[in-house]
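J.: Okay, predicted coordinates and the sequence, questions at the end:
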Amino acid sequence: MTGKSIPTRAVPDTGGSQALPYMMVLVAALIIASNHVLARYVGGVIPPMGMVFWRCVVSAVFLLPFALPGLIEHRRLIAQHWKLFVLMGVLFVPLGNGLIYTAYTYTTAINGGVVSASQPALTVVLVWLLFRETISWKQGIGITIAGLGVLAIITRGDPLAVLRMDFNIGDLIMLVAITFAALYNVLIRKIPDAIGVPPLMFVVMVTGVLATLPVYILETIYIQPVPLSWLSIGSFLWVGIAVTAIAVSLLNAAIRRIGANKASMSNYMRALFTALLAVALLGEAFETFHLVAMVLVIGGVYLMTLGRRAPAN
């Protein structure tokens, strides 16, 4: 699913390299794009819940040394908000990333990359629904344009597909998964500021793994076990360390330097990188409706970010 960035306050650049945070955003976008391509590549080989289960196990193990001091210092605060952490773990692991891997059993990496780029627009809509924050006219138009882009992907550029109810089930699953991921991002604001990123991510990984375990066991018994192979081991290590831990850390470091609005370019670059990697590595065809959808989604999300309030300093 994708990687999730945690909103933080922008810190002015006091003389450091101004190019560095933008390089962080680009590298993070490329790594996250690789997750979409890899998910498509192993779709049908590694079952989705097995993929997300072991991804988060690897990520939790990797994060533990960095998270341990914060876990110890803020253990009472974490325990006080355990229900919120459980909810976020369920949203991030089985409902978010688990459904993303499920979607790639049925759809292409290009389709999934474009649909997932609409996540910022979904986040704004959910913030309005849950917290009644005003949506500006720029945001409203941007959300509408991005929505048309997603519709172009789901209908494969054929408007009459809406009347026929002829949709790609994988694209619909991806849209549901991205909605859950957007809800996860919305709930991050309810986490106390004292809890840093590593302990937050560690607790989310652990609660998500526990929530996924029963589904993973059922999948193993009745559908397909995770194959023990170099492909599966390498996939778990890559998505667990590079995607879940490193890419998210790079995004958060960039947000601290240049702010969330500028760092949101990651969503645009992720869609482009996913398409390029899918064509180069998977041999997927880039069709006209893909270009139309990408322009609409990226343009809509860009317009939407112009309508955001400036982050507090």
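T.: Yep, it's here.
J.: For the closest residue to Phe167 other than its chain neighbours, give me its contacts.
T.: In this structure, Phe167 finds its nearest non-sequential neighbour in Ile154, 5.3 Å apart by Cβ to Cβ, 6 or more residues apart in numbering. C-beta: built from backbone N, CA, C; applies to glycine. If a contact means Cβ atoms under 8 Å, 6 or more residues apart in numbering, then Ile154 has 115, 161, 167-168, 171-172, 175 as its contacts.
J.: looking at those residues, which has the most residues close by?
T.: When these are compared by neighbour count (other Cβ atoms under 10 Å), Val115 ends up highest, at 28 neighbours.
J.: ok, so of the contacts of Ile154, who is nearest Ala254?
T.: Minimum distance to Ala254 across the contacts of Ile154 is 23.5 Å, recorded for Val115 (Cβ to Cβ).
J.: how close does the nearest residue to the closest one once chain neighbours are set aside get to Phe180?
T.: Leaving aside its chain neighbours, Val115 sits nearest to Met174 (4.7 Å; criterion: Cβ to Cβ, 6+ apart). From Met174 across to Phe180, the span is 11 Å (Cβ to Cβ, to the nearest Å).
J.: joint contacts of these two?
T.: Leu99.
J.: More neighbours: those two, which one.
T.: A direct count of neighbours by other Cβ under 10 Å for Met174 and Phe180 places Met174 higher, at 31 against 20.
J.: Was I right to think the more buried one contacts Thr107?
T.: Yes. Met174 lies in contact with Thr107 (Cβ atoms under 8 Å); the separation is 6.4 Å.
J.: so can I have a markdown table of the contacts of Ile154 showing distance to Leu276 and secondary structure?
T.: Shown next, in a markdown table, are the contacts of Ile154 (distance: Cβ to Cβ, whole Å; DSSP: H, G, I helix; E, B strand; the rest coil):
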| residue | distance to Leu276 | secondary structure |
| --- | --- | --- |
| Val115 | 17 | helix |
| Ala161 | 26 | helix |
| Phe167 | 26 | coil |
| Asn168 | 21 | coil |
| Asp171 | 20 | helix |
| Leu172 | 25 | helix |
| Leu175 | 22 | helix |
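J.: any idea which of those is closest to Tyr302?
T.: Each of those was scored against Tyr302 by Cβ to Cβ, and Val115 proved nearest at 16.7 Å.
J.: Could you pull up the contacting residues of that closest one?
T.: Taking Cβ under 8 Å, 6+ apart, we find Val115 in contact with 150, 153-154, 171, 174-175, 178, 297.
J.: ok, 10 Å please
T.: Residues in contact with Val115, defined by Cβ atoms under 10 Å, 6 or more residues apart in numbering, are 36, 100, 103, 107, 149-150, 153-154, 170-175, 177-178, 271, 293, 297.
J.: quick one: which of the contacts of Ile154 is nearest Arg257?
T.: Of all those, Arg257 sits closest to Val115, with 28.8 Å by Cβ to Cβ.
J.: ok, now how distant is that closest one from Leu122?
T.: 10 Å.
J.: what do the two both touch?
T.: Common neighbours of Val115 and Leu122 are listed as 150, 175, 178 (criterion: Cβ under 10 Å, 6+ apart).
J.: contacting residues around the last one?
T.: The neighbourhood of Ile178, defined by Cβ under 10 Å, 6+ apart, consists of 1-2, 96, 99-100, 103, 112, 115-119, 121-123, 150.
J.: Over to the second one?
T.: For Leu175, the residues meeting the contact criterion (Cβ under 10 Å, 6+ apart) are 99, 103, 112, 115-116, 118, 122, 150-151, 153-154, 167.
J.: which among those gets closest to Ala275?
T.: Of all the contacts of Leu175, the one with the least separation from Ala275 (Cβ to Cβ) is Gly112, at 10.3 Å.
J.: Following element in sequence after the helix or strand harbouring the closest one, please.
T.: Secondary structure assigned from DSSP states H and E places Gly112 in helix 109-116. Downstream of helix 109-116, the next assigned helix or strand under DSSP H and E is helix 119-131.
J.: Tell me which other helices or strands that following helix touches.
T.: helix 137-154, helix 169-187, helix 265-277, helix 288-306 (3 or more Cβ pairs under 10 Å, 6 or more residues apart in numbering; DSSP states H and E).
J.: what about stretch 112-125, distance to the chain center?
T.: Its chain's C-alpha centre and that of stretch 112-125 lie 9 Å apart, by Cα atoms, centre = their mean, to the nearest Å.
J.: and that stretch, how far apart are its ends?
T.: Stretch 112-125 has an end-to-end distance of 20 Å (Cα to Cα, to the nearest Å).
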